Each structure stands twice: as C-alpha cells, then as structure tokens.
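1. This is a predicted model, with the sequence first.
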Amino acid sequence: MYFQFFLLYIEEKFNLIMTNQNHPYHLVSVSPWPIIISLRLFNNLIAIVRWFHKMNYFVILTIPPTILCIYQWWRDVTREATIQGHHTIYVHNGIRIGIILFIISEILFFFSFFFFEHIFTPHFLQE
C-alpha cells in the first residue's frame, strides 16, 4: 500500500517535470513492467530448475504470462513513441546511434574472441 502511494508520488513528480521540459529528450515515467518481468523471469528460472529435477511440466505454464508481460511493456513503449509523441528526432537519433554502437561492439567482441586467440597462442600449439 505504501509502495503504491510512493509510485503515485513519483509519477506525479515526473509528470510535473515532463510538462515543464526545456529539452527535446524523453524522460520516461514510472513503469511497473521492469519489476514484474524480472519477477516473471525469476519464476521461470525456478520452474526450469524444478523441471530439471522432477520433470514436472509446470514450466509450460510460466512462459505465456512472461510473454504477455513483455508484449504489454513493448505496447507501452510503442504508445509513448507514436501516440504520445515523446520520441523526438533527438530520441530517434540516440536510439539509432545506440543500436549501431551495440552492433559494432558485438563485431569487435567476436573479432577479438576469434582473432586474438589465434595471435596470442604459441606457435607450437597451433599445429
């Protein structure tokens, strides 16, 4: 009960900040989905461990609610971006640059994983 009042208080403060914004960036409001999905994923982990030990098929019942929560979280993100119009051109550019940097970091990671192992391995072990 106190947690709900706390969330409402924080959401009101963020809404006040959002109405008086002096910048083109999007400050997200309080969302329950990260904590709900983390609890759902923990529940899935426990169900999978139980499935490994007893082979009960309770794990099948834990997957649809998790997918539903993920769908609802992305529904909210899509609403913020399209209907509410919180994603300006600066936000789109930031997302685009973030994705590009992520892809580059993955390429560099796999390059270092496969190439540098070959370079730093002694020659007598490479044969």
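-> Looks like it arrived, so ask away. Note that this is a predicted model, so its numbers are computed, not measured.

2. can we go C-alpha only for contacts and neighbour counts from here?
-> Will do.

3. Just the pLDDT at residue 13, thanks.
-> We have a pLDDT of 56 for residue 13.

4. Okay, buried residues for stretch 29-39 please.
-> Residues residue 37 are the ones in stretch 29-39 that count as buried (16 or more other CA atoms under 10 Å).

5. any idea which helix or strand carries residue 62?
-> Using DSSP states H and E, residue 62 falls within helix 59-81.

6. Dump the C-alpha coordinates for that helix into CSV.
-> Extracted C-alpha coordinates of helix 59-81, given in CSV (Å, rounded to 0.1, in the frame of the first residue of the first chain):
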residue,chain,number,x,y,z
VAL,A,59,7.4,-24.6,-16.8
ILE,A,60,5.0,-24.6,-19.7
LEU,A,61,2.5,-22.6,-17.6
THR,A,62,5.1,-19.9,-16.7
ILE,A,63,6.0,-19.0,-20.3
PRO,A,64,2.7,-17.4,-21.6
PRO,A,65,2.4,-14.9,-18.7
THR,A,66,6.0,-13.8,-19.3
ILE,A,67,5.4,-13.3,-23.0
LEU,A,68,2.2,-11.4,-22.2
CYS,A,69,4.1,-9.0,-19.8
ILE,A,70,6.8,-8.4,-22.4
TYR,A,71,4.2,-7.7,-25.0
GLN,A,72,2.5,-5.2,-22.7
TRP,A,73,5.8,-3.4,-21.9
TRP,A,74,6.6,-3.0,-25.6
ARG,A,75,3.0,-1.9,-26.2
ASP,A,76,3.6,0.9,-23.7
VAL,A,77,6.9,1.8,-25.3
THR,A,78,5.2,2.0,-28.7
ARG,A,79,2.4,4.2,-27.3
GLU,A,80,5.0,6.6,-25.9
ALA,A,81,6.8,6.7,-29.2
